[in-house]
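Enquirer: Got a sequence here, can you model it:
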Amino acid sequence: MTQKNTSSSKQITTSLFSDKQPETPLPFSQLLVINAVTLLEPLQASILFPFIYQMVKSFNVTDDEKKLGYYVGFITAIFSMAQVISSIPIGWLSDKYGRRPLILIGLFGNTISSGLFGLSKTLTWALITRGALGLLNGNIGVTKSMLGELTDKTNQPKAFALLGFMMAIGGILGPGNFKSIAIGGLLSDPATQYPGSILDNSFFREYPYALPCLIASALNILAFIFGYFKLEETLGKNLQSGNNVKKQKSYGSIPESEVSSLGSESSLDSSSSDIVEDDDKIPFSAFVPVISLFLLAFHEIIFMEVLPLFASSPIKDGGLGLTSKKLGILLVVNGLFSLLSQILIFPRVAKFFGPLKTHRFGGLVFIFTDIIFPLTVVLVNQTFRFFGVTYQWSEIFLQIVMIPKAFGTICAFTSLFIVINNSVSPKFLGTVNGYGQTAATLARTVGPAIGGILFAFSLSH
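Expert: This is a model prediction of the structure:
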């Protein structure tokens, strides 16, 4: 028995680090459109942040500036609320009528609604156009479905790593950073910001917030044009997508239930049988990774909400007392590491160990970093000097904690996207990804408020 186990162990070890199957080349033009949609979604969500306060103030809805925050909140929240409403129906429609038309309709609709939002002169108009923008951005789940159908087990990790890479860029260049500042901040009210220039004209004086929204519209129409000519339909094609679990019980080189279950290893057989034998409904096993995605997104948004509050709060109140500059440097370093590990490390890890084990590893990292993270406060006011410069140990320790946290986030989320794609037959792939997008968006909608309340409670008690 020992000899048999040793032989089996050697075979698995050998299979992990051998490349018996050549990697299928990724379709460049298809991925370009998919990743463009992925990158444009956070742009649509964040472009208004630099100018939304001034826009709402120009509506003259109230004379009390203290109440403007309510109306700002309505406009910013309606985008996510609309996404929650539309993601599942759009996913179902993509299962029925195809991925390509839903992606193209979303891009074309974004072109129109983004431009119309920039022309807002009333609160009602802003809410309607912003809501339409959120409804049309519910097609993010469709892009994941198309990506699953374009790939097989040899190139799935790399393809989904590219998707995560674009999401990471969207996060780094999103709210409060370069992209929204450059487009939403530098280009809003151009007649006032750049007097005497070509932008100082009657149109931009009448519609001061049109330019950044028109730029976003232009990016969407470019993606639409390219997609119209280059994007091919994937629904119903005989592709080795890995979505039919019955066909592919192995992922990479490990012949175990690494592709479709977040439960016990033995649960794969029953769920895969459900997929094949009962093709008229989505098996319950497909909702397990969707629930996991909600919990992950909920955890992540609360962590990222609490991080700047904890880091910036005064030391006397239990925070770290970091300046905005120091916090910004920490986040930039963390973001750059995320980008590099997403594209260079994750594909290899996921291909060797499978998405399920990689996902579980990310969850274990979260447990470790969540326990260690608040202990950073113990090192406050403890310093050391290096080349004549004084550093806080708390800053260094926080960065050390954030690095594995970033990699854990990549492993947990990106591998879970693969698991969701591999958990159901292609017939329901768009619908299940729609559920996943709804779950993630719902978590991002309610998470920040809950995180802020919990942090404020912890400081006061």
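
Enquirer: Skip the chain neighbours and tell me the closest residue to residue 428.
Expert: Nearest residue to residue 428 in three dimensions, chain neighbours excluded: residue 282, at 4.8 Å (Cβ to Cβ, 6 or more residues apart in numbering). Quick note: C-beta positions are derived from backbone N, CA and C, even for glycine.

Enquirer: ok, now how distant is the one you found from residue 344?
Expert: Using Cβ to Cβ, to the nearest Å, residue 282 is found at 35 Å from residue 344.

Enquirer: Between the two, tell me which one has more neighbours.
Expert: residue 282 (20 against 10; other Cβ atoms under 10 Å).

Enquirer: Can you tell me the SS state at that one?
Expert: coil (DSSP: H, G, I helix; E, B strand; the rest coil).

Enquirer: thought it was touching residue 431?
Expert: Yes. Counting by Cβ atoms under 8 Å, residue 282 touches residue 431, with 6.7 Å between them.

Enquirer: check contacts around the residue nearest to residue 314 when sequence neighbours are not counted.
Expert: Leaving aside its sequence neighbours, residue 314 sits nearest to residue 321 (Cβ to Cβ, 6+ apart; 5.6 Å). Residue 321 sits next to 312, 313, 314, 315, 380 when contact means Cβ atoms under 8 Å, 6 or more residues apart in numbering.

Enquirer: Out of those, which sit inside helices?
Expert: Among these, the residues falling in helices (DSSP state H) are residue 312.

Enquirer: possible to save the contacts of residue 321 as CSV with pLDDT?
Expert: Listed next are the contacts of residue 321 as CSV, based on pLDDT from 0 to 100:
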residue, pLDDT
312, 78
313, 78
314, 81
315, 80
380, 70
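
Enquirer: and which of the contacts of residue 321 is nearest to residue 420?
Expert: Nearest to residue 420, judged by Cβ to Cβ, of the contacts of residue 321 is residue 312 at 35.3 Å.

Enquirer: Name the nearest residue to that closest one, sequence neighbours excluded.
Expert: Nearest one to residue 312, counting by Cβ to Cβ, 6+ apart, is residue 322 at 5.8 Å.

Enquirer: Give the residue spans of the stretch 301-450 of the chain that score low on pLDDT.
Expert: The stretch 301-450 of the chain contains residues with pLDDT under 70 at 324, 381, 383-391.

Enquirer: what about the strands in it?
Expert: 383-386, 389-392 (DSSP state E, counting those that start in this stretch).

Enquirer: follow-up on the earlier one: how many neighbouring residues does the residue nearest to residue 312 have?
Expert: By other Cβ under 10 Å, 21 other residues sit near residue 322.

Enquirer: now residue 84
Expert: Residue crowding around residue 84 was assessed by other Cβ under 10 Å; the count is 18.

Enquirer: isn't it right next to residue 441, touching?
Expert: Yes. Counting by Cβ under 8 Å, residue 84 touches residue 441, with 5.1 Å between them.

Enquirer: coming back round to it: please tabulate the contacts of residue 321 in TSV, including the columns distance to residue 212 and neighbour count.
Expert: What follows is those, written out as TSV (distance: Cβ to Cβ, whole Å; neighbours: other Cβ atoms under 10 Å):
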residue	distance to residue 212	neighbour count
312	28	15
313	32	17
314	35	10
315	38	13
380	40	16
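
Enquirer: check contacts around the closest residue to residue 77 other than its chain neighbours.
Expert: Residue nearest to residue 77 in three dimensions, not counting chain neighbours: residue 445, with 6.8 Å by Cβ to Cβ, 6+ apart. Counting by Cβ under 8 Å, 6+ apart, residue 445 touches 77, 80, 81, 84.

Enquirer: Point me to the helix or strand that includes the last one.
Expert: With elements delineated by DSSP states H and E, residue 84 resides in helix 68-97, which encompasses its position.

Enquirer: quick one on the thing from earlier: with respect to residue 329, which of the contacts of residue 321 is nearest?
Expert: Closest approach between the contacts of residue 321 and residue 329, by Cβ to Cβ: residue 312, at 13.3 Å.

Enquirer: and the closest one, what does it touch?
Expert: Residues in contact with residue 312 (Cβ under 8 Å, 6+ apart) are 319, 320, 321, 322, 323, 324, 327.

Enquirer: Buried members of the residues you listed into PyMOL, please.
Expert: Here is the PyMOL command that selects the buried residues among those (16 or more other Cβ atoms under 10 Å):
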select buried, resi 319+320+321+322+327
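
Enquirer: Nearest to residue 88 among the contacts of residue 312?
Expert: For those, the residue nearest residue 88 by Cβ to Cβ is residue 327; the value is 36.8 Å.

Enquirer: Pull the number of nearby residues for the closest residue to that closest one other than its chain neighbours.
Expert: Nearest non-adjacent residue to residue 327, counting by Cβ to Cβ, 6+ apart: residue 311, 5.1 Å away. Residue 311: 21 surrounding residues under other Cβ under 10 Å.

Enquirer: can I assume residue 311 is in contact with residue 323?
Expert: No. With contact defined as Cβ under 8 Å, residue 311 and residue 323 do not form a contacting pair (9.5 Å).

Enquirer: what about residue 120, how many neighbours?
Expert: As a burial measure, residue 120 scores 24 neighbours (other Cβ under 10 Å).

Enquirer: Can you give me the distance of the residue nearest to it when sequence neighbours are not counted to residue 71?
Expert: Spatial nearest neighbour of residue 120, chain neighbours left out: residue 126 (4.0 Å); criterion: Cβ to Cβ, 6+ apart. For residue 126, the distance to residue 71 (Cβ to Cβ) stands at 9 Å.

Enquirer: Looking at these two, which one has more neighbours?
Expert: residue 126 (25 against 20).

Enquirer: residues contacting the more buried one?
Expert: Counting by Cβ under 8 Å, 6+ apart, residue 126 touches 55, 56, 59, 75, 117, 120.

Enquirer: Output the below-cut-off pLDDT ranges for the stretch 51-200 of the chain.
Expert: By pLDDT under 70, the weakly predicted segments of the stretch 51-200 of the chain are 167-168, 170-183.

Enquirer: so what does the helix or strand where residue 226 lies touch, helix or strand wise?
Expert: Here residue 226, judged by DSSP H and E, is contained in helix 210-230. Helices and strands touching helix 210-230, by 3 or more Cβ pairs under 8 Å, 6 or more residues apart in numbering; DSSP states H and E, are helix 28-46, helix 99-118, helix 202-206.

Enquirer: Nearest approach to residue 424 belongs to which of those?
Expert: Closest of the helices and strands packed on helix 210-230 to residue 424 is helix 99-118, at 15.0 Å (criterion: Cβ to Cβ).

Enquirer: What residues of that closest one count as buried?
Expert: Buried residues in helix 99-118, defined by neighbour count with 16+ other Cβ under 10 Å: 99-100, 102-118.

Enquirer: what kind of secondary structure is residue 187 in?
Expert: Using three-state DSSP, the structure places residue 187 in coil.

Enquirer: wait, it sits on residue 215?
Expert: Yes. Counting by Cβ under 8 Å, residue 215 is a contact partner of residue 187 at 6.4 Å.
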